[in-house]
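Asker: Need coordinates for the below:
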Amino acid sequence: MERVHLVIIGEVQAVGFRFTAIEVARDLGLTGWVKNNPDGSVEIVAEGPKEKLENLLTWAKTGPPLARIEDVKIEWQQATGEFGDFTAKY
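Answerer: Numbering: from 1, shown residues only. All right, here's what the predicted structure looks like:
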């Protein structure tokens, strides 16, 4: 188990990014959260097997069809096991 912290920068709010991120993460069996940040970025913290987290990262670099990704900041961390599901955080 590993943990990845992503900050996705670009046109990523009001394009279904959070909703789709939840679907993708749940389909991959990951736990954690996604949220919109005041600066217009989207933040994801996810835990699971590294291969599945890399799949989420690959998706985050493209996002849903209306998103325009400029950058993805990536920080690998130690998993804590604190999440029971993957949800939106407000």
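
Asker: The protein: strands as residue ranges?
Answerer: Assigned by DSSP state E, the strands in the chain fall at 2-11, 31-36, 42-48, 68-77, 86-88.

Asker: so what secondary structure elements neighbour the first one?
Answerer: Other elements packing on strand 2-11 under the criterion 3 or more C-beta pairs under 8 Å, 6 or more residues apart in numbering; DSSP states H and E are strand 42-48, helix 50-60, strand 68-77. Quick note: C-beta positions are derived from backbone N, CA and C, even for glycine.

Asker: Among those, show me which one is buried the most.
Answerer: Highest mean neighbour count among the helices and strands packed on strand 2-11 (mean count of other C-beta atoms under 10 Å): strand 42-48, with a mean of 23.

Asker: Report all helices and strands that that strand contacts.
Answerer: Strand 42-48 packs on strand 2-11, helix 17-27, strand 31-36, helix 50-60, going by 3+ C-beta pairs under 8 Å, 6+ apart.

Asker: Now for the residue most central in space within the chain: which residues touch it?
Answerer: Centroid check for the chain by C-alpha atoms, centre = their mean gives Ile44 as the closest residue, at 3.5 Å. With contact set as C-beta atoms under 8 Å, 6 or more residues apart in numbering, Ile44 has these partners: 4-6, 8, 21, 25, 32-34, 56, 60.

Asker: Out of those residues, which comes closest to Phe83?
Answerer: Using C-beta to C-beta, Gly32 is the member of those that lies nearest Phe83, at 5.1 Å.

Asker: Write down the beta-bridge partners of the nearest residue to the closest one once chain neighbours are set aside, one by one.
Answerer: Counting by C-beta to C-beta, 6 or more residues apart in numbering, Ala46 is the residue found nearest to Gly32 once chain neighbours are left out, at 3.8 Å. Under the criterion DSSP bridges, Ala46 forms beta bridges with Val4, Gly32.
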